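S.K.: Return a 3D structure for these sequence lines:
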Amino acid sequence: MFAVDFESYHLLQCITFLLCVAATLLSAISLATPSWKLSMSAGTEYGIFESCKIRSSKEDCQLYTNVPDYINATRAFVILGVVGIVFGVFLSLIHALGKMKKKGHVVLGIVLLLSCVFFLVGCSVYTAKTRENLLVGEEFGYSLWMAWAACIISFIAAPVGFLSKYGNYGYMS
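M.R.: Below is the predicted model of the structure:
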């Protein structure tokens with residue numbers, strides 16, 4: 001009755017949009033939460049903006065005032081990655097609705113690739129510099145792993161976005 005004729009390019013556009021939404025959610029949560037590094041012995045979570053001491057049922061959080069340069073670099077690159085992936089969501093939605101011009105898939109792919117590079121640099125710097133200073137009882141938290149997952153998802157979304165060119169003048173004729 002309601003037959004939907006998904007051509008391969010339209011399916012790729014929808015997949016790109018869903019991947020962008022997933023990467024946006026992961027990256028926004030990782031940026032907003034203070035669990036980049038956990039200290040089990042001290043009961044503290046360290047983020048890139050604040051640290052929180054967890055006591056019984058109450059959290060006591062403090063914003064950082066003086067931070068090392070690698071934390072500032074991580075902040076900058078992760079924020080650029082989040083901005084890029086949010087922009088990628090809007091571009092992929094416009095592309096999936098068929099409102100983009102002929103080269104829209106190229107712009108979408110480049111934005112997603114740049115977002116991946118920003119996440120990659122930010123997460124790599126944080127992981128490398130923090131691993132050097134990990135003490136006994138400290139480990140990486142879920143926020144860092146969510147940022148790495150957003151990096152991987154945006155890396156997967158970039159080639160899918162490049163390949164989602166319209167069928168009448170694209171790769172999928």
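S.K.: Okay, the most centrally placed residue in the chain and residue 83: tell me how far apart.
M.R.: Central residue of the chain (Cα atoms, centre = their mean): residue 150, 3.3 Å from the mean position. Separation of residue 150 from residue 83 (Cβ to Cβ, to the nearest Å): 12 Å. Yep, even glycine has a C-beta here, placed from its N, CA and C like the rest.
S.K.: wait, what's in contact with the residue nearest to the centre of the chain?
M.R.: 23-24, 26-27, 30, 81, 85, 119 (Cβ atoms under 8 Å, 6 or more residues apart in numbering).
S.K.: Residue 119 now?
M.R.: 27, 77-78, 81, 147-148, 150-151, 154.
S.K.: How about residue 24?
M.R.: Contact partners of residue 24, counting by Cβ under 8 Å, 6+ apart, are 82, 85-86, 88-89, 150.
S.K.: Let's have those in CSV, adding pLDDT.
M.R.: Below are these laid out as CSV (pLDDT from 0 to 100):
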residue, pLDDT
82, 94
85, 93
86, 94
88, 89
89, 90
150, 93
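S.K.: quick one: which of the residues you listed is nearest residue 143?
M.R.: Lowest distance from residue 143 to the contacts of residue 24 (Cβ to Cβ) belongs to residue 150, with 10.7 Å.
S.K.: Can you point out the buried residues in the host helix or strand of that closest one?
M.R.: In the assignment (DSSP states H and E), residue 150 maps to helix 142-162. Using 16 or more other Cβ atoms under 10 Å as the test for burial, helix 142-162 gives 143-144, 146-151, 153-158, 160-162.
S.K.: pLDDT weak spots in the protein?
M.R.: For the chain, the stretches with pLDDT under 70 are 1-9, 55-59, 166-173.
S.K.: where exactly do the strands run in it?
M.R.: Using DSSP state E, the strands of the chain run over residues 37-39, 44-46, 50-55, 58-63, 138-140.
S.K.: what about residue 28, how many residues close to it?
M.R.: For residue 28, the count of nearby residues is 15 (other Cβ atoms under 10 Å).
S.K.: whoops, I mixed them up, residue 136
M.R.: By other Cβ under 10 Å, the residues close to residue 136 number 7.
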